[in-house]
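>>> Sequence plus predicted model, see below.
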Amino acid sequence: MNEIEQIAKAARYGDSRATEALVRASYADVWRFCSLLVDRDTADDLTQETFARALRALRRYRGDASVRTWILSIARNVCADELRHRTRRRRRDHDLTAAAGVSPATAPDPETAATMSLLGELEPDRRAAFVLTQLFRLSYQETATICGCPPGTIRSRVARARAELIELLDRANGVSASETGD
């Protein structure tokens, strides 16, 4: 049992110092994951919500997956909830502005990093698979556990995400498919 597993076990049985240590040990990964799946502006709130859910569920943690995998799967669910909420809000706002005869604001999202912009164009399931395997260096099996699907599905999502990112980069750089040999 590694150190974070021991910390989680102690936190599970009510050790407040262990609970603080568990949050400290995993906070950076959770924040980074939330910022990559949703955005940097709401990463703090999403990270807090992740830990609120994790700490409420800590007594039920069975150890079937590593603590890191367990917490990141909670973070993924928190991010999915946020993205669903945003989609509903956008639809509602669009419907309201259309009904009022007002054109919706088209101001660009404040994110400026090219990588974040490209990742943001990926479909959420592909983005999660890509971020977890390529940026967090989790195994396909760990990623499959977090995403709730088979490892083969993760492999497929990562391959499609890579291909889509290459296409997006080529398009951003003005390179056509005939120039790349596709």
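It's in. Numbering: from 1, shown residues only.

>>> how about low-confidence regions in this structure?
Applying pLDDT under 70 to the chain picks out residues 1, 89-114, 175-182.

>>> Tell me where this structure has helices.
3-12, 16-37, 40-57, 67-100, 114-121, 124-130, 140-147, 151-172, 177-180 (DSSP state H).

>>> Kindly reformat these as TSV containing mean neighbour count.
(Each C-beta comes from the backbone N, C-alpha and C, glycine too.) Conversion of the helices of the chain to TSV gives the following (neighbours: other Cβ atoms under 10 Å):
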stretch	mean neighbour count
helix 3-12	17
helix 16-37	18
helix 40-57	17
helix 67-100	16
helix 114-121	14
helix 124-130	22
helix 140-147	21
helix 151-172	16
helix 177-180	9
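
>>> Closest to the centroid, which residue in this structure?
Leu37 (3.4 Å; Cα atoms, centre = their mean).

>>> Show me this protein divided up by domain.
Taking automatic domain parsing as the criterion, the chain consists of the domains 1-107, 108-182.

>>> what's the closest non-adjacent residue to the residue nearest to the centre of the chain?
Cys79 (4.2 Å; Cβ to Cβ, 6 or more residues apart in numbering).

>>> dump the residue contacts of that neighbour.
By Cβ atoms under 8 Å, 6 or more residues apart in numbering, the contact set of Cys79 is 33-34, 37-38, 46, 128.

>>> Kindly report the same for Ala8.
Applying Cβ under 8 Å, 6+ apart, the residues near Ala8 are 18, 22, 58, 61, 67.

>>> now, which of the contacts of Cys79 sits nearest Thr87?
Val38 (11.9 Å; Cβ to Cβ).

>>> Give me the phi and psi for that closest one.
Val38 adopts backbone torsions of phi -120, psi -80, taken as degrees, to the nearest 10.

>>> who touches it in this structure?
Contacts of Val38 (Cβ under 8 Å, 6+ apart): 46, 79, 82-83.

>>> my guess is Leu22 contacts Ile7, does it?
Yes: at 5.0 Å, Leu22 counts as touching Ile7 under the criterion of Cβ atoms under 8 Å.

>>> anything in contact with each of those two?
Val67.

>>> on that earlier part again, now compare the contacts of Cys79 and name the two farthest from each other.
Leu46 and Ala128 (13.3 Å).

>>> do you know how far Asp15 is from Gln141?
30 Å (Cβ to Cβ, to the nearest Å).

>>> wait, Cys147
Taking Cβ to Cβ, one finds Cys147 at 11 Å from Gln141.

>>> same check, this time on Ala25
Taken as Cβ to Cβ, the span from Ala25 to Gln141 is 22 Å.

>>> do Val67 as well
Val67 sits 16 Å away from Gln141, going by Cβ to Cβ.

>>> same check, this time on Thr115
To Gln141, Thr115 is 26 Å away according to Cβ to Cβ.
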